[in-house]
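> can't give you the sequence, but here's the structure:
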């Protein structure tokens, strides 16, 4: 057993409204994805609590927060970052308990980035310019035109469970830097670090009502109450596409602005002239990091024919080198999926791939430990070949540690296959040919292309 197993005391996670922690008459259990044990009791916000949170945010917007000078606001953001770092161990324990991810990952990625986001956006807003220009007018007097930036208002922040603190603060930091107030709804799967952050906000001197946390689910719960609330001025959401679609319907009557990062079925293209070892290592990390629960992860890999067999064999070796274990074990390099429900989804695709005729290169099942981890949500890292591009396994987002690998003959073929998707999030190109790298990356119909 490791030092960060799930045998710790069950935590209570309350809502945070107008500077106070608020209990609810309805609670739900948060279970560990590592061994299925109970790790937290979470207080579910009802409609009245969401109303209180929005009202508190509106009051703070018109009160001390709205009148606060920019430099003072920037200083507060830096205090928040320092507060996260002071309580590093608390945040690490909470994040690992909720997600089951290895301590080695969370300690080097989730918690440091969570703090860094506040410093980054503090620096950006402090030096961010506005437009101004002179304009000729018919009377010859001219006019000076300039932009004035003001907060949008109360922002509803709905954050995902795969990188809970990192992606929550990626939304919070710019919103707060620009003078907005927040009502945050973390995923029901990962309530803990958002709640701990409320304590840090308080200790940093953030006025009551500026940051509020409501816990719960989506439909007929905190998520729906927040997105449909007339007192909310905008919504930012990261998560699955179907939920994004539901939020768009919810905000349509009040025409709220929205900011989304949704699903992906991302493609990686590997050319024969690549730095082979770097490409294998890079693709393995992209596919399997965080147990594949990253919206930017490539679930489709296209490899130029001359190196296809060698690349598949090398990627197989990488996949089989991951160690699934207790989060605190220094040898652990892959944790579980977030929940048993999500594992059911991923395993259904593992079975679907077989039915569709895939060759299972490695994995495709559930590891056996012979201890409490068998009650967790682990799956094997998995690679397939041999599927047609029309198969559901190739077309639909799985969000697990898996990928399909297919060969291609010509650059144009790889581009066509990579772009043949209803998603458009990210892509990766591996080549040492500079002009090809730029050319192919620019041909990708995605929001971000890496070379």
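Now that the structure is in, tell me what you want to look at. Note that this is a predicted model, so its numbers are computed, not measured.

> from here on, just use CA atoms for contacts and neighbour counts.
Fine.

> tell me which stretches of the stretch 51-200 of the chain form helices.
For the stretch 51-200 of the chain, the helices defined by DSSP state H, counting those that start in this stretch cover 64-67, 70-86, 88-99, 103-105, 111-127, 164-177, 192-204.

> mind listing what's buried in stretch 74-81?
Neighbour-count burial for stretch 74-81 flags 74, 76, 77, 78, 79, 80, 81 (criterion: 16 or more other CA atoms under 10 Å).

> picking up where we left off before, so which of the helices of the stretch 51-200 of the chain gets nearest residue 414?
Closest approach to residue 414 among these is made by helix 164-177 (31.5 Å; CA to CA).

> could you dump the helices of the stretch 51-200 of the chain into TSV with mean pLDDT added?
Formatted as TSV, the helices of the stretch 51-200 of the chain follow (pLDDT from 0 to 100):
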stretch	mean pLDDT
helix 64-67	92
helix 70-86	97
helix 88-99	98
helix 103-105	97
helix 111-127	96
helix 164-177	98
helix 192-204	98
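
> can I get those in TSV with distance to residue 306?
Shown next, in TSV, are the helices of the stretch 51-200 of the chain (distance: least, CA to CA, whole Å):
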stretch	distance to residue 306
helix 64-67	61
helix 70-86	48
helix 88-99	40
helix 103-105	35
helix 111-127	39
helix 164-177	39
helix 192-204	47
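
> who wins for proximity to residue 447 among the ones you listed?
helix 164-177 (17.5 Å).

> between the closest one and helix 111-127, how many degrees?
Orientation of helix 164-177 against helix 111-127 (axes from the mean of the first three to the mean of the last three CA atoms, to 10 degrees) gives an angle of 10 degrees.

> centre of this structure to the edge, which residue is at the far end?
Distance to the chain centre peaks in the chain at residue 139, reaching 54.1 Å (criterion: CA atoms, centre = their mean).

> for that one, give me the pLDDT.
We have a pLDDT of 92 for residue 139.

> next: the one 4 residues further on.
With respect to pLDDT, residue 143 has a value of 94.

> residue 394 and residue 410, how far apart?
Applying CA to CA, to the nearest Å, the value for residue 394 to residue 410 is 20 Å.

> the more surrounded of those two?
It is residue 394, of residue 394 and residue 410, that has more neighbours when counted by other CA atoms under 10 Å, with 21 against 11.

> show me what contacts the more buried one?
For residue 394, the contacting residues are 299, 300, 387, 388, 404, by CA atoms under 8 Å, 6 or more residues apart in numbering.

> just say helix, strand or coil for the fourth one.
Here residue 388 takes the coil state, with states given by DSSP: H, G, I helix; E, B strand; the rest coil.

> angles on the backbone of it, please.
Backbone torsions of residue 388, given as degrees, to the nearest 10, read phi -70, psi 150.

> repeat that for the second one.
Backbone torsions for residue 300, taken as degrees, to the nearest 10, come to phi -130, psi 120.

> which other helices and strands does the helix or strand residue 242 falls within contact?
Using DSSP states H and E, residue 242 falls within helix 241-251. Here helix 241-251 touches helix 222-227, going by 3 or more CA pairs under 8 Å, 6 or more residues apart in numbering; DSSP states H and E.

> name the helices or strands packed onto the helix it packs on?
Secondary elements touching helix 222-227 (3+ CA pairs under 8 Å, 6+ apart): helix 47-62, strand 154-158, helix 241-251.

> winner for burial among those?
strand 154-158 (a mean of 27; mean count of other CA atoms under 10 Å).

> give the pairing partners of that strand; include direction for each.
Taking DSSP bridges as the criterion, strand 154-158 pairs within the sheet with strand 181-185 (parallel), strand 234-238 (parallel).

> for the last one, give the mean pLDDT please.
Strand 234-238 comes out with an average pLDDT of 97.

> return the set of buried residues in that strand.
Going by 16+ other CA under 10 Å, strand 234-238 has these buried residues: 234, 235, 236, 237, 238.

> ok and it relative to helix 241-251, angle-wise?
170 degrees.

> skipping adjacent residues, who's closest to residue 222 in space?
Residue nearest to residue 222 in three dimensions, not counting chain neighbours: residue 216, with 5.1 Å by CA to CA, 6 or more residues apart in numbering.

> look at the one you found and say how many residues are nearby.
Neighbours of residue 216 under the rule other CA under 10 Å: 25.

> what do you get for residue 360?
Residue 360 has 16 nearby residues by other CA under 10 Å.

> spell out the secondary structure type for the closest residue in space to it that isn't next to it in sequence.
Of all residues not flanking residue 360 in the chain, residue 384 sits nearest, at 4.7 Å (CA to CA, 6+ apart). The three-state label for residue 384, taken from three-state DSSP, comes out as strand.

> quick thing: my sequence starts at 33, can you match it?
Happy to do that; since the first residue is 33 now, the last one works out to residue 416.
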